[in-house]
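**Student:** fold the following for me, if possible:
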Amino acid sequence: MLKTFRASRSNVVVWAILVLLIIGLAGFGISTGAGGGQTVAEVGDTRIEADAYTRALDQELRAITGQIGRALPMSEARQFGVDRMVLARLISDAALDHEAGVLGLSTGDATVEAMVLATPAFGGAAGGFDRQAYAFALERAGLTPTQFETMLRAEATREMIAGSVQAAAAMPDTAANAILNFAGEARSFEWLALDADLLETPAAAPDAATLAAFHAANSARYTRPETRVVSYALLAPEALAASIEISEDDLRAAYAAAADRFATPARRILDRIGFGTPEEAAAALARIEAGEIDFDALAVERGLSPDEIDQGALDRGDLAPEAAEAVFAAAGPGLVGPVPTPLGPSLYRINAVLAATTTPFEVAAGELRAERALEAAQALIADAAAPVEDLLAGGARLEEIAAETDFALGEIRLDATSTGGLADDPAFREAAEAAPVDQETDLVELASGGLVALRVNAVEPAAPIPFAEVRERVTTDWTAEENARLLEAFAETRAAELAGGLAMADLAARLGRPVRTAGPLVRSDVLAEAPTGLIAAIFAAEPDGVVVQSTDGRVALAQVTEVRPFDPASPETAPLVTGIADELRAQAAEDLLALYIQAVQTRAGVTVNQALIDQVLAQYP
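**Tutor:** Here you go, the predicted structure:
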């Protein structure tokens with residue numbers, strides 16, 4: 001609610017909000033049906049009329065329609081709480097109106113007049129305020145000038161009160177710094193990935209009693225989910241496409257139309273380092289040519305990660321003209337530059353040269369034939385729907401449909417873990433999960449463009465899988481967990497050695513495992529190849545601290561090598577500090593205003609006429 005309320009309290013757009021309420025809103029053709037003057041809610045002695053509630057609902061529904069590209073039925077809108085959100089907003093406004101009355105506050109006529117005159121939507125063809133345009137816009141919204149100007153006056157007065165309340169909100173910069181010191185701290189570390197091959201004595205083969213106990217203790221892991229046995233009649237585009245012939249003339253026309261697809265221009269796989277001035281770029285190139293530093297080390301020196309210098313495979317059109325000329329003039333891999341670019345003088349490293357390629361028609365024809373046949377099949381499927389819908393309406397079973405049409409009969413066992421084929425189609429899965437037992441559904445359109453009707457033959461409830469059926473799986477799981485436990489103990493022993501002064505490189509050499517490095521990383525970064533939780537453990541450790549992280553059978557031994565605090569004084573981070581501080585102050589202002597409005601509502605009392613609200617909502621489609 002705060003975000004919604006915050007938007008309506010901006011004094012920059014007081015008039016714009018109310019104009020949006022009326023301009024272009026011919027309405028949904030809804031009236032309260034209850035007559036004017038009926039009240040859907042009250043805050044103290046301030047009333048919210050049914051007509052105002054209807055207008056606010058119309059505005060919200062039109063905004064949502066514009067966002068999602070379709071009309072939102074009221075039944076669906078109520079599921080999302082749109083009706084309650086609109087009412088809450090109006091009650092908040094009424095609370096401020098009530099408080100204005102208690103305080104004796106109002107907005108003067110001159111201010112309201114200025115707001116009306118400044119509204120661009122009320123301007124005429126020659127510019128300036130046009131009274132006829134003003135009257136026409138209000139008439140479309142079902143408002144008189146007096147009603148609209150009263151709304152403007154009320155909104156401006158609410159803004160006056162809200163602005164006074166929110167002016168007291170203040171958050172020190174230390175709050176922003178505290179957040180950024182936590183989120184912006186970066187750490188680097190070395191780590192080893194440990195595996196069961198390091199164990200001198202791996203887990204011994206378990207006996208039957210141990211496995212049975214493990215099976216019982218992990219029953220949720222060995223439970224067969226609820227399963228639906230589903231028969232279906234399917235018309236798939238791929239099945240129809242197999243029998244459709246495409247002429248060579250059509251294929252050649254398609255090949256010509258897709259010239260860009262079958263002709264790839266020459267490309268270069270590039271890395272790039274940008275500089276502030278040509279002199280900086282030239283000095284860097286001189287250092288590389290003198291052997292003082294290489295390209296990768298230069299990137300690290302400038303704080304650039306491999307991902308930040310990687311440009312991928314680019315053709316001429318992807319580069320600025322000067323860069324394209326230099327890069328594509330090179331005979332092979334190597335350094336190019338410095339060259340001017342829109343991002344500043346740059347050095348490019350050409351990692352590979354990819355020659356232009358053309359796929360001949362004879363090679364592309366098979367792919368094009370399959371595509372065109374599939375397009376033709378999808379068109380035929382649309383024509384096949386009506387006869388099957390008639391059969392279903394007449395009570396036909398799937399077996400009869402398959403016998404009388406091109407639909408193919410099949411069966412699938414569908415549960416939460418099922419994958420492949422129809423199990424991957426969201427529409428099929430949704431229909432199967434909602435269908436009653438032993439009843440054909442209407443046709444369902446699949447993501448592939450196919451059509452399917454289905455019938456749930458049976459629903460098998462979730463049930464434990466007997467130990468005898470999953471003994472091999474239980475053995476594998478038990479062995480993995482036992483080895484992970486032994487490996488974690490092994491890692492803890494090695495961690496003690498590192499904490500005692502042993503170098504990570506020496507330990508790695510002894511274990512025959514490579515030392516991996518990571519960082520600098522922040523808390524929100526992800527290290528895919530490491531056990532889940534390793535980065536969190538690294539940030540929980542002391543500088544130079546050693547951690548052991550074991551997750552899902554993967555064990556890592558790591559040591560912090562660098563802690564890089566967030567620098568709020570850095571020119572690069574100063575805007576971030578300011579932005580976070582502003583956001584905190586804005587949030588504090590929102591919260592303060594919400595608490596104030598809540599206090600007004602509590603003091604004045606709020607009553608809601610739910611019967612009238614239901615009557616209003618019932619008239620929407």
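
**Student:** quick one: name whatever helix or strand follows the strand or helix carrying residue 597.
**Tutor:** Assigning secondary structure by DSSP states H and E places residue 597 in helix 574-604. As assigned by DSSP H and E, the chain's next helix or strand after helix 574-604 is strand 606-608.

**Student:** each with direction, which strands does that following strand pair with?
**Tutor:** Partner strands for strand 606-608, per DSSP bridges, with pairing direction: strand 39-43 (antiparallel).

**Student:** tell me the mean pLDDT over the partner strand?
**Tutor:** Model confidence over strand 39-43, given as mean pLDDT, is 91.

**Student:** chain center to that strand, what's the gap?
**Tutor:** Relative to its chain's centre, strand 39-43 lies at 38 Å (C-alpha atoms, centre = their mean, to the nearest Å).

**Student:** excluding its own residues, what touches that strand? List them.
**Tutor:** Strand 39-43 is contacted from outside by 47-50, 53, 87, 90-91, 94-95, 97-98, 600-601, 604-609, 612-613, 616, using C-beta atoms under 8 Å, 6 or more residues apart in numbering. Where you see a C-beta, it was placed from the backbone N, CA and C, and this is true even at glycine.

**Student:** how about stretch 267-279?
**Tutor:** With contact meaning C-beta under 8 Å, 6+ apart, stretch 267-279 is reached by 281, 284, 295, 298-299, 302, 304, 309-315, 327-328, 330, 338, 340-341, 343-354.

**Student:** mind listing what's buried in that stretch?
**Tutor:** Neighbour counts over stretch 267-279 (16 or more other C-beta atoms under 10 Å) mark 267, 268, 269, 270, 271, 272, 273, 274, 275 as buried.

**Student:** nearest residue to residue 548 in space, please, no chain neighbours.
**Tutor:** Among residues not flanking residue 548 along the chain, residue 491 sits closest, at 4.4 Å (C-beta to C-beta, 6 or more residues apart in numbering).

**Student:** so that neighbour touches residue 195, yeah?
**Tutor:** No. Using C-beta atoms under 8 Å, residue 491 is not in contact with residue 195, being 10.9 Å away.

**Student:** shared neighbours of those two, anything?
**Tutor:** Here residue 491 and residue 195 have residue 555 as joint contacts, going by C-beta under 8 Å, 6+ apart.

**Student:** neighbour count winner among the two?
**Tutor:** Neighbour count, other C-beta atoms under 10 Å: between residue 491 and residue 195, residue 491 has more, with 22 against 13.

**Student:** tell me where the stretch 51-200 of the chain has strands.
**Tutor:** Along the stretch 51-200 of the chain, counting by DSSP state E, counting those that start in this stretch, strands occupy 186-194.

**Student:** low-confidence stretches in it?
**Tutor:** Low-confidence segments of the stretch 51-200 of the chain, defined by pLDDT under 70: 125-126.

**Student:** tell me which stretches of it form helices.
**Tutor:** 74-79, 82-103, 109-117, 131-140, 145-166, 173-183 (DSSP state H, counting those that start in this stretch).

**Student:** mean neighbour count, the ones you listed: which tops it?
**Tutor:** Comparing the helices of the stretch 51-200 of the chain by mean neighbour count (mean count of other C-beta atoms under 10 Å), helix 82-103 ranks first with a mean of 20.

**Student:** phi and psi next, for residue 413.
**Tutor:** phi -100, psi 120 (degrees, to the nearest 10).

**Student:** typo on my end, it should be residue 353
**Tutor:** Backbone geometry at residue 353, expressed as degrees, to the nearest 10, gives phi -110, psi 120.

**Student:** what does residue 143 give?
**Tutor:** phi -120, psi 150.

**Student:** re the thing from before, helices - which of the contacts of stretch 267-279 land there?
**Tutor:** 281, 284, 295, 298, 299, 309, 327, 328 (DSSP state H).

**Student:** turn these into CSV, including pLDDT, neighbour count and distance to residue 387.
**Tutor:** Output for those, formatted as CSV (pLDDT from 0 to 100; neighbours: other C-beta atoms under 10 Å; distance: C-beta to C-beta, whole Å):
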residue, pLDDT, neighbour count, distance to residue 387
281, 88, 21, 71
284, 88, 22, 73
295, 89, 16, 67
298, 87, 19, 70
299, 87, 21, 65
309, 87, 21, 61
327, 87, 21, 60
328, 88, 17, 59
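
**Student:** which one of the buried residues of stretch 267-279 is nearest residue 115?
**Tutor:** Among these, residue 274 lies closest to residue 115 (C-beta to C-beta), at 48.8 Å.

**Student:** any idea how far the closest one lies from residue 525?
**Tutor:** Distance of residue 274 to residue 525, given as C-beta to C-beta, to the nearest Å: 23 Å.

**Student:** again, but for residue 149
**Tutor:** Residue 149 is 55 Å from residue 525, where distance means C-beta to C-beta.

**Student:** how about residue 455, secondary structure?
**Tutor:** Here residue 455 is recorded as strand under DSSP: H, G, I helix; E, B strand; the rest coil.

**Student:** rewinding a little: quick one: what helix or strand has the residue nearest to residue 548 in it?
**Tutor:** helix 471-499.

**Student:** what's the angle from that helix to strand 186-194?
**Tutor:** Here helix 471-499 runs at an angle of 130 degrees relative to strand 186-194 (axes from the mean of the first three to the mean of the last three C-alpha atoms, to 10 degrees).

**Student:** show me which residues of helix 471-499 are buried.
**Tutor:** Result for helix 471-499 [16+ other C-beta under 10 Å]: buried residues 474-475, 477-479, 482-484, 486-487, 490-491, 494-495, 498.

**Student:** check the gap between residue 185 and residue 595 for me.
**Tutor:** Using C-beta to C-beta, residue 185 is found at 33 Å from residue 595.

**Student:** mind giving me the packing neighbours of the helix holding residue 491?
**Tutor:** On a contact count with 3 or more C-beta pairs under 8 Å, 6 or more residues apart in numbering; DSSP states H and E, helix 471-499 meets strand 186-194, helix 208-217, helix 504-511, strand 546-551, strand 554-564.

**Student:** quick revisit: for residue 408, find the nearest of the helices of the stretch 51-200 of the chain.
**Tutor:** Minimum separation from residue 408 across the helices of the stretch 51-200 of the chain (C-beta to C-beta) falls at helix 74-79, 34.7 Å.

**Student:** with just CA atoms, put that closest one into CSV.
**Tutor:** Output in CSV follows, covering the C-alpha atoms of helix 74-79 (Å, rounded to 0.1, in the frame of the first residue of the first chain):
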residue,chain,number,x,y,z
MET,A,74,-13.8,-8.5,-11.8
SER,A,75,-13.7,-12.1,-10.5
GLU,A,76,-10.0,-12.2,-11.4
ALA,A,77,-9.4,-8.7,-10.1
ARG,A,78,-10.8,-9.6,-6.7
GLN,A,79,-8.5,-12.6,-6.5
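
**Student:** pop the domain breakdown of this protein in here.
**Tutor:** 2-168+598-618, 186-220+471-564, 227-245+366-461, 266-355 (automatic domain parsing).

**Student:** could you export these as JSON lines, including distance to residue 575?
**Tutor:** JSON lines is the format used below for the domains of the chain (distance: least, C-beta to C-beta, whole Å):
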{"stretch": "domain 2-168+598-618", "distance to residue 575": "22"}
{"stretch": "domain 186-220+471-564", "distance to residue 575": "17"}
{"stretch": "domain 227-245+366-461", "distance to residue 575": "42"}
{"stretch": "domain 266-355", "distance to residue 575": "17"}
